[in-house]
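> Fold the following.
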Amino acid sequence: MKSPTLQTVIIAVAFAIIAYIVTFAVPASSILIASLVFVSAFLAPLLTGSPSTNTASSTSSNTIASDEDVRTLYVGNLPYRANETSVRELFSEHGSVHSVRLMKDKHTGKRRGFGFVEMASDDLDKAISALNDTEFQQRTLKVREAKERPERTEDNNQDD
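As a prediction, the model looks like this:
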């Protein structure tokens, strides 16, 4: 579930203030207030243009991705103390960064020393040539385009 945008929160607060004022202006208006709150839950996302269902949100993110082609970089030999913010700052110097995911061990929660950076495809080659085999926090980074992950089947999951 995504958190609401600032615009959605502002509209919801505006509806709450209106409901508060109506409560004092019109006596015995509990049905009116309940109706206003109920309607505001549907109107706030519509007024902000935010999708209200998971299906709509995945469709809208696919539309955004198709407007600007995004590709993924594999970043290896990361320092274990590196965080998403520091990696984002490093890659932002060489193009538009869409997301950063640093992999963690699922049992210990410690970072595994590699991750993935999604960037605009126009900036991919520039980032690779600028950052591959360069030092970052006393480690030599390995940066290349990520390979597609093969789909997991039941046979692959038997080791878990």
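
> Name the helix or strand for residue 15, please.
Under the criterion DSSP states H and E, the helix or strand holding residue 15 is helix 6-25.

> Specify the residue ranges that define each domain of this protein.
6-58, 68-145 (automatic domain parsing).

> Out of those domains, name the one with the poorest average pLDDT.
Per-segment mean pLDDT for these reaches its minimum on domain 6-58, at a mean of 64.

> Extract the C-alpha trace of stretch 146-154 and format it as CSV.
This file holds the C-alpha atoms of stretch 146-154, laid out as CSV (Å, rounded to 0.1, in the frame of the first residue of the first chain):
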residue,chain,number,x,y,z
ALA,A,146,21.7,-6.0,-14.9
LYS,A,147,20.7,-9.3,-16.5
GLU,A,148,17.1,-10.3,-16.5
ARG,A,149,16.4,-12.6,-13.5
PRO,A,150,15.2,-16.0,-14.6
GLU,A,151,11.8,-16.8,-13.4
ARG,A,152,11.7,-19.0,-10.3
THR,A,153,10.0,-22.3,-10.5
GLU,A,154,9.0,-24.8,-7.9
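
> Which residues does that stretch contact?
The contact list for stretch 146-154, computed with CB atoms under 8 Å, 6 or more residues apart in numbering, reads 71, 72, 73, 74, 116. For the C-beta atoms, the positions are set from N, CA and C on the backbone; glycine is no exception.

> What residues of the helix holding residue 15 count as buried?
8, 11, 12, 15, 19 (16 or more other CB atoms under 10 Å).

> can you tell me the helix or strand for the residue lying closest to residue 87 once chain neighbours are set aside?
Using CB to CB, 6 or more residues apart in numbering and skipping the chain neighbours, the partner closest in space to residue 87 is residue 100 (5.0 Å). Assigning secondary structure by DSSP H and E places residue 100 in strand 97-104.

> List the buried residues of the following helix or strand past that strand.
Using DSSP H and E, the helix or strand that follows strand 97-104 in sequence is strand 111-120. Buried residues in strand 111-120, counted by 16+ other CB under 10 Å: 111, 115, 117, 118, 119.

> Could you export those residues to a markdown table, including columns for distance to residue 132?
Putting the buried residues of strand 111-120 into a markdown table (distance: CB to CB, whole Å) gives the following:
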| residue | distance to residue 132 |
| --- | --- |
| 111 | 20 |
| 115 | 15 |
| 117 | 12 |
| 118 | 17 |
| 119 | 14 |
